[in-house]
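Peer 1: Below are the sequence and a predicted model for it; my questions follow.
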Amino acid sequence: MQSLLQDLEKCIVVQRNKIYILCLLLPLTSCVTFKAYFNTFYNARKIFRDTEELYKKNNYQLNAQIKRNYENAIKKFLYVVKYYPSSPFVDDALYYTSICYLRLEEYVKSIKKFEELLKYAPESKFCILAFDKSSEVLLEKERFDDFEYIYLLIRDMKIFEKLKQEKRMFYEVNFEFLKQNYDNVVLKSEEFLKRYKKSELKDKVAEILVRSYLENKMEDKALSFLNEFYSEEKPEKLPVSYYITLSDIYISKGDTSKAIETLENIYRKSSSPEVFFKLIGLKKLKGESKEKMRTMLLEFKDKTEIDSLKQKALFEIAKTYDERDSLEKKEEVLKEITKISSFTEYGKRANNYLSILEKLKKMNEKEDRDIKEYLSLAEDYYIELSKPLYTEYFLKKAVQIDDSIYTPKAYYFLFFIQKVILNKNEEANKTFEELQEKYPDSFYIEEIRRRLEVP
């Protein structure tokens, strides 16, 4: 009897200020079940926390071991969710699973687990924790559509009120900015900066406010605000974001040379990666030669010790090579990215790019090219790589193949790219005329008229 009581006493657990007491009248099997799911959850959480430490030590970058650890934790957390759906650890498990997927940069899966958490435990504090951590990452990674989606999921829920008002206002400002409601952004940002003068988020809000002024063609107001906002800071203490935002003001005023000069001066003093890549973007806009761009990027890559920055620089170098005449060079650089790591954001993008280039190489080796191959490549370059000019190139090749059931579709896709994405109205109209002439009974003619209001 004494032994049985000791076993049952072990089943009394305190977890996050919630005490679960198993009544002495419960059968022994209840205790065994409890131990099973508790141990599984406890082990998964330990793996997660240990992996978080490794992740931080690795400059918040994935490697093979960290990736395996997060995947192992996911399996254990999902085991609890699947086999013990009534346990008190399900909301915890869903939260940790969502964060693991976030770390693995599997954003769709992360958001799916966040949705499940909201449905399963809408009043759990883990809903707020998951939203807050996810939003920080999604905004940093510029996954703005994903941020908007999770914001709308939770914004009107009662639990959202548990988030600090400072954070609620910050996310609201971001949401309104992404929806291009610039007048609202100005009002809410100004209110935020008055109310939370010492907030760690004030620099980010100030940057959004300046950008909203610029969108409203208020360049002088933007410049005045920026200088006033940082008036008490010593020049050497000004954050690099000040100079980046200042460069945007000059660009808005049409003075790209002044913007470049501003960034070059601060980069010499700070060696900031953020400033460097902003500078690269402006030099590209200004028409800097590809050779000079590569030299700059290679020098940066060789100086930095951070793998993710090496990969980013290499990816920018890869962009300078045109696969139509420098396919091997582009492949070489992309493979160098994957050698550093294939698990990071740029590692995955490089692998994806390489698989598409492999399709292109196989097609180039063939004498007779199928229109479906051109269409497939066009879709890859548009959807996977966000390269509409290459998409247009492959679609122009596709429409040259007449008398195919796929040719009208290729014309339709080409018209859409030219008219909506590239704003080549004259070429788009010519494409539409060719479609009408060659395939007057095509379904796609009416579809273009209906969707884009073409007469």
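Peer 2: Perfect, thanks for sending it.
Peer 1: The residue nearest to residue 399 when sequence neighbours are not counted: which element?
Peer 2: Nearest residue to residue 399, sequence neighbours excluded (Cβ to Cβ, 6 or more residues apart in numbering): residue 410, at 4.9 Å. All C-beta atoms are positioned from the backbone trio N, CA, C, and that covers glycine. Assigned by DSSP states H and E, residue 410 belongs to helix 407-416.
Peer 1: Give me the mean pLDDT for that helix.
Peer 2: Regarding helix 407-416, the rounded mean pLDDT is 94.
Peer 1: what's in contact with that helix?
Peer 2: Residues from elsewhere that reach helix 407-416, judged by Cβ atoms under 8 Å, 6 or more residues apart in numbering: 371, 374-375, 378, 391-392, 395-396, 398-399, 401, 428, 431-432, 434-435, 438-439, 442-444, 447-448, 452.
Peer 1: Can I get that helix in PDB? Just the C-alpha atoms.
Peer 2: C-alpha atoms of helix 407-416 as PDB (Å, rounded to 0.1, in the frame of the first residue of the first chain):
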ATOM      1  CA  THR A 407       0.100  28.600 -77.300                       C
ATOM      2  CA  PRO A 408      -3.000  30.700 -76.400                       C
ATOM      3  CA  LYS A 409      -2.200  30.200 -72.700                       C
ATOM      4  CA  ALA A 410       1.400  31.400 -73.400                       C
ATOM      5  CA  TYR A 411       0.000  34.500 -75.000                       C
ATOM      6  CA  TYR A 412      -2.300  35.100 -72.100                       C
ATOM      7  CA  PHE A 413       0.600  34.700 -69.600                       C
ATOM      8  CA  LEU A 414       2.800  37.000 -71.700                       C
ATOM      9  CA  PHE A 415       0.100  39.700 -71.900                       C
ATOM     10  CA  PHE A 416      -0.300  39.600 -68.100                       C
END
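Peer 1: C-terminal to it, which secondary structure element comes first?
Peer 2: By DSSP H and E, the next helix or strand past helix 407-416 is helix 425-438.
Peer 1: circling back: so of the contacts of helix 407-416, which ones are in strands?
Peer 2: Secondary structure from DSSP state E places none of the contacts of helix 407-416 in strands.
Peer 1: Just the buried residues of these.
Peer 2: 371, 374-375, 378, 391-392, 395-396, 398-399, 401, 428, 431-432, 435, 439, 442, 444, 448 (16 or more other Cβ atoms under 10 Å).
Peer 1: Would you mark the buried spots in stretch 66-86?
Peer 2: Of the residues in stretch 66-86, those with enough neighbours to count as buried (16+ other Cβ under 10 Å) are 66-67, 69-70, 72-74, 76-81, 84.
Peer 1: Please disregard the earlier target; I meant stretch 127-134.
Peer 2: 127, 128, 129, 130, 131, 133, 134.
Peer 1: model confidence over that stretch, on average?
Peer 2: So the average pLDDT for stretch 127-134 ends up being 97.
Peer 1: how distant is that stretch from the center of its chain?
Peer 2: Computed by Cα atoms, centre = their mean, to the nearest Å, the chain-centroid distance of stretch 127-134 equals 16 Å.
Peer 1: contact partners of that stretch?
Peer 2: Where contact means Cβ under 8 Å, 6+ apart, the residues beyond stretch 127-134 that reach it are 95, 98-99, 102, 110-111, 114, 117-118, 121, 150-151, 154, 157, 159-160, 162-163, 167.
Peer 1: And for stretch 345-358?
Peer 2: Contact partners of stretch 345-358, identified using Cβ under 8 Å, 6+ apart, comprise 105, 141, 308, 311-312, 314-315, 318, 323, 327, 330-331, 334-335, 337-338, 340-342, 377, 380-381, 384-385.
Peer 1: now do stretch 363-376
Peer 2: 359, 377, 394-395, 397-398, 401, 404, 406-407, 409-410, 413.
Peer 1: That one: end-to-end distance?
Peer 2: From its first residue to its last, stretch 363-376 covers 11 Å (Cα to Cα, to the nearest Å).
Peer 1: quick one on the thing from earlier: quickly name whichever of the buried residues of stretch 66-86 is closest to residue 185.
Peer 2: Distance to residue 185, by Cβ to Cβ, is smallest for residue 70 among the buried residues of stretch 66-86, at 35.7 Å.
Peer 1: any idea how far that closest one lies from residue 141?
Peer 2: Counting by Cβ to Cβ, to the nearest Å, the gap from residue 70 to residue 141 is 17 Å.
Peer 1: Same question for residue 102.
Peer 2: 10 Å.
Peer 1: In terms of neighbours, single out the busier of the two.
Peer 2: Applying other Cβ atoms under 10 Å to residue 102 and residue 141 shows that residue 102 carries more neighbours, namely 23 against 14.
Peer 1: would you say the more buried one is within a helix?
Peer 2: Yes. Using DSSP: H, G, I helix; E, B strand; the rest coil, the assignment for residue 102 is a helix.
Peer 1: Which helix or strand contains the nearest residue to it once chain neighbours are set aside?
Peer 2: Distances taken as Cβ to Cβ, 6+ apart place residue 110 nearest to residue 102, at 4.4 Å, with adjacent residues excluded. In the assignment (DSSP H and E), residue 110 maps to helix 107-120.
Peer 1: Flag every buried residue along that helix.
Peer 2: Applying 16+ other Cβ under 10 Å to helix 107-120 flags 107, 109, 110, 111, 113, 114, 115, 116, 117, 118, 120 as buried.
Peer 1: Need the contact partners of that helix.
Peer 2: Residues outside helix 107-120 that contact it (Cβ under 8 Å, 6+ apart): 90-91, 94-95, 97-99, 101-102, 124, 126-127, 130-131, 134, 138, 143, 146, 149-150, 153-154, 157.
Peer 1: Need the nearest residue in space to residue 160, chain neighbours excluded.
Peer 2: In space, residue 160 is closest to residue 154, 5.2 Å off (Cβ to Cβ, 6+ apart).
Peer 1: Any chance you could spot the residue sitting in the middle of this structure?
Peer 2: residue 143 (3.1 Å; Cα atoms, centre = their mean).
Peer 1: Nearest residue to that one in space, ignoring adjacent ones along the chain?
Peer 2: Closest residue to residue 143 apart from its sequence neighbours, by Cβ to Cβ, 6+ apart: residue 107 at 6.0 Å.
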